[in-house]
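Visitor: Have a look; sequence and predicted model below, questions after that.
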Amino acid sequence: LPLMLFWGFTWNPDDTILSLGVLQVKYYNLLWILAFAAGWYLMKRMFEKEGRSREHLDALFIYVVLATMIGARLGHVFFYDWDYYSHHLVEILLPIRQSPGSSLFGLINGYEFTGFLGLASHGAAIGIIIGIYLYIRKYKEFSMLWILDRLVIPVSVGAFMVRLGNFFNSE
């Protein structure tokens, strides 16, 4: 509590920073984006220092971002909520929720936009390992250990930012 008073932070269960109609910027989403931006910047510095190409870094970034997001989502689906998602498969990778009694083909009337709900950090970790494996199959000049050795710092910074987003999200 004293730290919150020092920051001048008033607790609000709605973590929305900015709302422009349908578009909402929330602390959690903003910190996810900042985590990826910080990770790219840190890896860029490492790649430059070691004389690696920017094209390799950009490709690695795409692999890691996609693997993180897909892994985090699938981790939540399979580890925590498979009973629900086994009957609502379309909701696994789409930011919608099916209304009771509607069908898949009544898309406009039968679904509502919810945003992406449910991510699991251990799913993201598994996804990142799989993403790096796929990356090194294409770019054979890299090894799994070489990439993991450098990626540990950006991932740690990203984990901190996401956990800070959880704090602001009242989790």
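Guide: Cool, got the structure.
Visitor: for the chain, what spans make up the helices?
Guide: 2-7, 27-49, 54-80, 82-85, 107-110, 121-138, 144-168 (DSSP state H).
Visitor: The longest one packs against which elements?
Guide: Here helix 54-80 touches helix 27-49, helix 121-138, going by 3 or more C-beta pairs under 8 Å, 6 or more residues apart in numbering; DSSP states H and E. Where you see a C-beta, it was placed from the backbone N, CA and C, and this is true even at glycine.
Visitor: do that again at 10 Å, thanks
Guide: With contacts taken as 3 or more C-beta pairs under 10 Å, 6 or more residues apart in numbering; DSSP states H and E, helix 54-80 sits against helix 27-49, helix 82-85, helix 121-138, helix 144-168.
Visitor: distance between it and the chain's centre?
Guide: 7 Å (C-alpha atoms, centre = their mean, to the nearest Å).
Visitor: got the angle between that helix and helix 121-138?
Guide: With axes from the mean of the first three to the mean of the last three C-alpha atoms, to 10 degrees applied, the angle from helix 54-80 to helix 121-138 works out at 140 degrees.
Visitor: Going by neighbour count, list what's buried in helix 54-80.
Guide: Neighbour counts over helix 54-80 (16 or more other C-beta atoms under 10 Å) mark 57, 60-61, 63-64, 67-77 as buried.
Visitor: Which one of those is nearest to residue 46?
Guide: Of all the buried residues of helix 54-80, residue 57 has the smallest distance to residue 46: 8.7 Å, by C-beta to C-beta.
Visitor: any idea how far residue 76 is from the closest one?
Guide: Distance, residue 57 to residue 76, by C-beta to C-beta, to the nearest Å: 29 Å.
Visitor: One more: residue 137?
Guide: For residue 137 relative to residue 76 (C-beta to C-beta), the value is 27 Å.
Visitor: Could you list the low-pLDDT ranges of this protein?
Guide: 1-14, 22, 100-109 (pLDDT under 70).
Visitor: Which residue would you name as the spatial centre of it?
Guide: residue 69 (4.3 Å; C-alpha atoms, centre = their mean).
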